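Visitor: sequence plus the predicted model coming up.
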Amino acid sequence: MKYILVASRDEKAHDVIRNCFDKNFQVELALTGNICLDMFVKKRYEFLFIDVDFLRDVTNQEDYENQLQPFWSAFPEAEIIVISTQEKIRQAVNVVKAGASDYLTYPIDQTEVRLITENIHHDQRLYSELKYLRSQFRRRETNTVLHTENPAMKTVFEKICLVAPTESTVLLTGETGTGKSVLTNQIHLHSKRSKKQFIPIHCGAIPDTLLESELFGHEKGAFTGADRRKLGKFEIAHGGTIFLDEIGTITQPMQIKLLQILQDRTFQRVGGETTLTSDVRILIATNADLKRMCDEGTFRRDLFYRLHVFPIEIPPLRERREDIPFLAVTFLNRLNKFSLKNITGVDPKVMRALQAYDWPGNIRELENLIERAYVIERSLTLMPASFPEELFKGKRQLDNYFKDTSLSLEEARKKLVERFEQHYLVELLARNRGRINRTAEAAGIGVRQLHHLMNKYGIKKEDFKQSLSFQQDSEL
C-alpha cells in the first residue's frame, strides 16, 4: 500500500484527489499545517498535496525553501505539490522554484492531478535510469583506476573506499607521478559531495602573491589591478571538495590562513572585512616530508596535525611492478580511443624492459613513454624501436640502496635479495609465457616454492599470458 497526504481545509479537494488514484493508494487528509507535518514525519507518503498557506503556518518562515525544509528533512525525496487559489498563484510558482514538484489551483481538476502525477512518475523513472547509468559508468571507471595486484596498493584502495563517504580530511603522500590527483578524484566521486564542485589547485604552480587571492578571492581595489571583486576557490566550491596539491610549497602566512579555514571553516577575501564561511571537504597531497619540514621549522606543526587526520601513503611504481602490464595496456587502449590508430599489443621485450625499469617519474612517466611510443609506432604492436634505448640497457639502478645509509646492512641486503628475486621471476615467467612447470624447472626450484615466491611478490602468471597474447612471440 502506498500513501498520499492531502493537506487542505477544502474537503472536496481531498475527494477529487482520492478519486484520481486506484486501490493501491490510500489518500489521507490533514486539516492544518501542524497536523500535516506530524503525519508526514510518522509515515512515508509518495505525494504531498499541500495548501500554500499551510507551509507558512508550519514554519512561520517567509523564505519558500525554508518552508519546504521540514518535509525534506523527514523525507528528502518527497514529491510536494502546492495547492493555491488563483489570487496566490504567484506565491505557488515561487514555492515550485524553491524546489516543490508542481502546483495546482482551486477548484481541483482530476485531469490536472493525473497529468501532474504522471509527469512526476516519468521524471522519477528517468532519474532512476540516469542514476543507474552513472553508477555503471563509475563502476567501470573505478574498476580500471582501482585495479592492482600489489598488496600495498590493495591496502591503499581499501583505505580510499573507507574514507570516501566520510567528511574527513585526507592527506595523500608519495613521490611525484604516483597518481595522487587521480585518487583524490575517486574519493570525491564516491563521497556524499559527488554532485558538487571538485576543484583541484596546484599550490606550487601559483605564485605566492596570487595564491591567497586564488583560494580566498579579493575585493575590488584590494591591490593594483583588482578592478572588480573576485570569488576564491573556497567560495566557489561551497558544498563540494577542494584538492590542494603540493601543500608543502605554501608560505607561512598562507599556512596560517589555511589553518583558520580548517579549524572553523571561515575566511576573508583579500582586502575584505566580512568573515565568510565555506562548507568544503579538503583533500591534500604532497611529495614532501611534512614531518621533517615541521622539525626544520618550515611547516607549522599545528597545521600538520590538522592535515594528518587520515594519511594515505602511495607506493612508487618500482614497488608495484606487477601492475605495469595492466597500466601499459590501459594507457594503450585509452590512446586508441582518441586516435585513428589501433595498436593492439606490446612486444614482449618491451614489456620486460618496462617491468625492469625503476620509473623515477612513476605512473606519469610510464604514461608519457607509452604515448611517445604510440605516436612513433607504425605497426600494430609497440616495438622496441619506438622506445628510448636507455630502457633496454638493463641498468636497474640498484645502487640507490647503497646510497641509502638509513638502512641497516641486514635491511639493505634483504631489499636487494627481494629485488633480485622479483626481477628474476618476472624475466623467467615472461620467457616461458607464464607456464609454471617450465619456469620452476628453469629456476631449479619446485612448483610449490615458485608459487610461494609469486604470492610473496604479487606476481600472477595471467599477466604474462595477457601481455604476450597480443602477437606471436618471435623470440621463443
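Guide: Perfect, thanks for sending it. Numbers count the residues shown, from 1 in each chain.
Visitor: quickly list the domain ranges of the protein.
Guide: 2-124, 146-315, 320-468 (automatic domain parsing).
Visitor: quick one: the last one to chain centroid distance?
Guide: Just to be clear, that refers to domain 320-468. Centroid displacement of domain 320-468 relative to its chain, using CA atoms, centre = their mean, to the nearest Å, is 28 Å.
Visitor: one more: stretch 268-277?
Guide: The answer for stretch 268-277 is 30 Å, by CA atoms, centre = their mean.
Visitor: ends of it, what's the gap?
Guide: Chord length of stretch 268-277, first to last residue, is 9 Å (CA to CA, to the nearest Å).
Visitor: still on that earlier bit, please tabulate the domains of the chain in JSON lines, including the columns mean neighbour count and mean pLDDT.
Guide: (Each C-beta comes from the backbone N, C-alpha and C, glycine too.) Output for these, formatted as JSON lines (neighbours: other CB atoms under 10 Å; pLDDT from 0 to 100):
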{"stretch": "domain 2-124", "mean neighbour count": "17", "mean pLDDT": "84"}
{"stretch": "domain 146-315", "mean neighbour count": "17", "mean pLDDT": "90"}
{"stretch": "domain 320-468", "mean neighbour count": "16", "mean pLDDT": "81"}
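Visitor: what is the helix or strand hosting L425 packed up against?
Guide: Assessed by DSSP states H and E, L425 sits inside helix 409-431. For helix 409-431, the packing partners by 3 or more CB pairs under 8 Å, 6 or more residues apart in numbering; DSSP states H and E come out as helix 348-356, helix 399-403, helix 436-443, helix 447-457, helix 461-468.
Visitor: tabulate those (CSV), appending distance to K196.
Guide: Output for these, formatted as CSV (distance: least, CB to CB, whole Å):
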stretch, distance to K196
helix 348-356, 39
helix 399-403, 43
helix 436-443, 50
helix 447-457, 41
helix 461-468, 38
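Visitor: out of these, which is closest to R18?
Guide: Of all these, it is helix 461-468 that lies closest to R18, at 62.6 Å by CB to CB.
Visitor: any idea what the closest residue to E313 other than its chain neighbours is bridged to?
Guide: Using CB to CB, 6 or more residues apart in numbering and skipping the chain neighbours, the partner closest in space to E313 is T173 (5.0 Å). For T173, the beta-bridge partners are T286, E313 (DSSP bridges).
Visitor: OK, contacts around T173?
Guide: 180, 285-287, 290, 311-314 (CB atoms under 8 Å, 6 or more residues apart in numbering).
Visitor: tell me the angle the helix holding L425 makes with helix 436-443.
Guide: Relative orientation of helix 409-431 versus helix 436-443 (axes from the mean of the first three to the mean of the last three CA atoms, to 10 degrees): 130 degrees.
Visitor: now do helix 409-431 and helix 447-457, the angle between them.
Guide: Using the same axes, to 10 degrees: helix 409-431 against helix 447-457 is 110 degrees.
Visitor: and the spatially most central residue of the chain, backbone torsions?
Guide: Centroid-nearest residue in the chain, with CA atoms, centre = their mean: Q186, separated by 2.3 Å. Main-chain torsions, Q186, degrees, to the nearest 10: phi -70, psi -40.
Visitor: quick one: it and L307, what's the gap?
Guide: Distance, Q186 to L307, using CB to CB, to the nearest Å: 19 Å.
Visitor: repeat for C203
Guide: 13 Å.
Visitor: cool, and F338?
Guide: With CB to CB as the criterion, F338 and L307 are 37 Å apart.
Visitor: any idea what Y3 is bridged to?
Guide: Q26.
Visitor: surely V163 meets P311?
Guide: No. Between V163 and P311 there is no contact, the gap being 10.3 Å when judged by CB atoms under 8 Å.
Visitor: what do the two both touch?
Guide: Joint contacts of V163 and P311 (CB under 8 Å, 6+ apart) are V170.
Visitor: any idea where the helices of the stretch 101-250 of the chain begin and end?
Guide: For the stretch 101-250 of the chain, applying DSSP state H, counting those that start in this stretch gives helices covering 110-145, 151-163, 180-189, 208-216, 233-236.
Visitor: which residues does A164 contact?
Guide: 186-191.
Visitor: run the last query once more with 7 Å
Guide: 187, 190-191 (CB atoms under 7 Å, 6 or more residues apart in numbering).
Visitor: which one of the residues you listed sits closest to A385?
Guide: When those are compared against A385 (criterion: CB to CB), the nearest one is I187, at 40.3 Å.
Visitor: that closest one contacts L283, doesn't it?
Guide: Yes. Under the criterion of CB atoms under 7 Å, I187 makes contact with L283 at 6.1 Å.
Visitor: hey, what's in contact with both of these two?
Guide: With CB under 7 Å, 6+ apart as the test, I187 and L283 both reach V170.
Visitor: residues making contact with stretch 198-209?
Guide: Contacts for stretch 198-209 (CB under 7 Å, 6+ apart): 181, 185, 188, 211, 214-215, 233, 236-237, 240-247, 249-251.
Visitor: at 8 Å what do you get?
Guide: 181, 184-185, 188, 211, 214-215, 233, 236-237, 240-247, 249-251, 254.
Visitor: ok, now stretch 73-92?
Guide: By CB under 8 Å, 6+ apart, stretch 73-92 touches 8, 13, 37, 40-41, 44-53, 55, 68, 71-72, 95-96, 99-106, 108, 116, 120.
Visitor: now do 7 Å
Guide: 8, 13, 40-41, 44, 46-52, 68, 71-72, 95-96, 100-106, 116, 120.
Visitor: over to stretch 299-314?
Guide: 156, 159-160, 163, 168-174, 178-180, 248, 255, 258-259, 262, 284, 290-291, 293-294.
Visitor: start and end of it, how far apart?
Guide: Terminal-residue distance, stretch 299-314 (CA to CA): 21 Å.
Visitor: pop out the phi and psi values for the residue lying closest to E62 once chain neighbours are set aside.
Guide: Once flanking residues are discounted, E62 sits nearest to R56: 7.8 Å by CB to CB, 6+ apart. Dihedral angles of R56 (phi, psi; degrees, to the nearest 10) stand at phi -70, psi -30.
Visitor: hmm, R56 is touching Q67, no?
Guide: Yes. With contact defined as CB under 7 Å, R56 reaches Q67; the gap is 6.3 Å.
Visitor: much appreciated, bye for now.
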